[in-house]
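1. just a sequence and a predicted model for now, questions to come.
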Amino acid sequence: MDQLRSDIQVFSELLWTTGGKLEPKKCNFTLMHWKFKENGEPYLDNTTHNAINITDTQGNICSVIKYVPPDKATKYLGHYKEVIGSQHKQERVLQQIINKETAFVATQS
């Protein structure tokens with residue numbers, strides 16, 4: 001986590017140096033931490049992680065990058081993705097759109 005914090009801080013400072021900055025509402029991070037049971041079977045540890053605070057040059061917190069668990073869907077470029085590869089959220093959203101559109105077409109007959 002310390003290396004991740006450091007890398008994000010450096011990236012933020014590089015953006016600031018060139019006149020840009022991170023947009024916190026568009027930023028998040030996911031951490032996949034694998035652990036193993038006694039029999040050697042791997043499992044994903046979804047222990048809650050803290051957000052990462054980005055500081056300005058005076059050490060004041062200026063941005064907070066939130067943690068998103070790997071099994072929680074996040075909307076990117078108009079559709080939902082889960083880091084673990086599931087498409088359940090996107091499937092539900094598409095089904096709602098289909099239901100709405102087919103109901104509209106049915107009422108137009």
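-> Received it, and whenever you're ready, just let me know what you need.
2. what about the longest helix belonging to the chain, distance to the chain center?
-> Counting residues, the longest helix found in the chain (DSSP state H) is helix 88-107. Relative to its parent chain, helix 88-107 has a centroid offset of 25 Å by CA atoms, centre = their mean, to the nearest Å.
3. quick one: average pLDDT of the longest strand along the chain?
-> Assignment by DSSP state E gives strand 61-67 as the longest strand of the chain. Taken as a whole, strand 61-67 has a mean pLDDT of 86.
4. if we can go back for a sec, elements contacting the longest helix of the chain?
-> Counting contacts by 3 or more CB pairs under 8 Å, 6 or more residues apart in numbering; DSSP states H and E, helix 88-107 is packed against strand 79-81. C-beta here means a position set from N, CA and C on the backbone, and glycine is covered the same way.
5. could you measure from the nearest residue to residue 46 once chain neighbours are set aside over to residue 31?
-> Take residue 46 and drop its neighbours on the chain: the residue closest to it by CB to CB, 6 or more residues apart in numbering is residue 69, 5.2 Å away. Residue 69 sits 9 Å away from residue 31, going by CB to CB, to the nearest Å.
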